[in-house]
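A.B. asks: Return atomic coordinates for the entry below.
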Amino acid sequence: MRVRHKPWAKDKLSAYPQYVVQNPEENRGNWQNIFEQKGPIHIEVGTGKGRFISEMAKANPSINYIGIEIQESVIVTALDRLIDADVPNIRLMNSNAADLTTFFAENEIDRVYLNFSDPWPKTRHEKRRLTYKTFLNTYEKILVKNGEIHFKTDNQGLFEYSLWSFSQYNMLLKYISLDLHNSNYEGNIETEYEEKFSNKGSRIYRCEVQFK
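C.D. replies: Sure, this is the predicted structure:
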């Protein structure tokens, strides 16, 4: 989907260092220090406009959240949500998540959320999928022992590929839903994309996987 360019977004992101971490690589190994209280750290790779992560932070005040989004014109909307919500347990990073080990040390993160990632459906783009083995290797490095990935998508092809990729990586499948909104799963927090796709009748797929 094409994103409308907001030339003022960069300046606004810089104006709120209490929410947007300006030089995230400098916090590698010390992320607990930027939050008011210590606790598990969950990250969302591709946080978009921030609905999911801001609602998660409100619902789980003992957990610290970091939303990572590369597009300035998108993450600035997430910043507006944070300003309105004024929750202390969330930070944003306007960064490329291609190599998370640049920003996080080993065993520093407790959970990774992947919500409605770009499916990159063409075979030649397989390596760009966020559930490709090289990404899984990166997540494993920054996650604590037995750390988890929680994954949601409306794209059946990406979901099937991801289950195969998780299996090939010898991960433990803890939960799977082929139709989340018609399941008995409780506590689901929707993303903006999720609401949009669901309203159009699309099925939502979700799984939880754990590194062994």
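
A.B. asks: Please make it C-alpha for all contacts and neighbour counts, starting now.
C.D. replies: OK.

A.B. asks: Please identify which helix or strand holds the residue positioned nearest the centre of the chain.
C.D. replies: The centroid of the chain falls nearest to residue 44 when counting by CA atoms, centre = their mean (1.8 Å). Element membership of residue 44, judged by DSSP states H and E, is strand 41-45.

A.B. asks: Pull up the pairing partners for that strand, direction included.
C.D. replies: strand 64-68 (parallel), strand 109-115 (parallel) (DSSP bridges).

A.B. asks: buried set for the very next helix or strand once past that strand?
C.D. replies: Next helix or strand after strand 41-45 toward the C-terminus (DSSP H and E): helix 51-59. By neighbour count with 16 or more other CA atoms under 10 Å, helix 51-59 contains the buried residues 51, 52, 53, 54, 55, 56, 57, 58.

A.B. asks: Serialize those residues to TSV and add fields for pLDDT and distance to residue 69.
C.D. replies: Compiled in TSV, those are given as follows (pLDDT from 0 to 100; distance: CA to CA, whole Å):
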residue	pLDDT	distance to residue 69
51	95	13
52	97	13
53	96	12
54	95	14
55	96	17
56	97	17
57	96	17
58	96	20
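
A.B. asks: can the residues you listed go into a markdown table with extra columns for distance to residue 117?
C.D. replies: Below are the buried residues of helix 51-59 laid out as a markdown table (distance: CA to CA, whole Å):
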| residue | distance to residue 117 |
| --- | --- |
| 51 | 15 |
| 52 | 13 |
| 53 | 15 |
| 54 | 18 |
| 55 | 19 |
| 56 | 18 |
| 57 | 21 |
| 58 | 23 |
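
A.B. asks: on that earlier part again, would you mind finding the most buried of the strands paired with strand 41-45?
C.D. replies: strand 64-68 (a mean of 25; mean count of other CA atoms under 10 Å).
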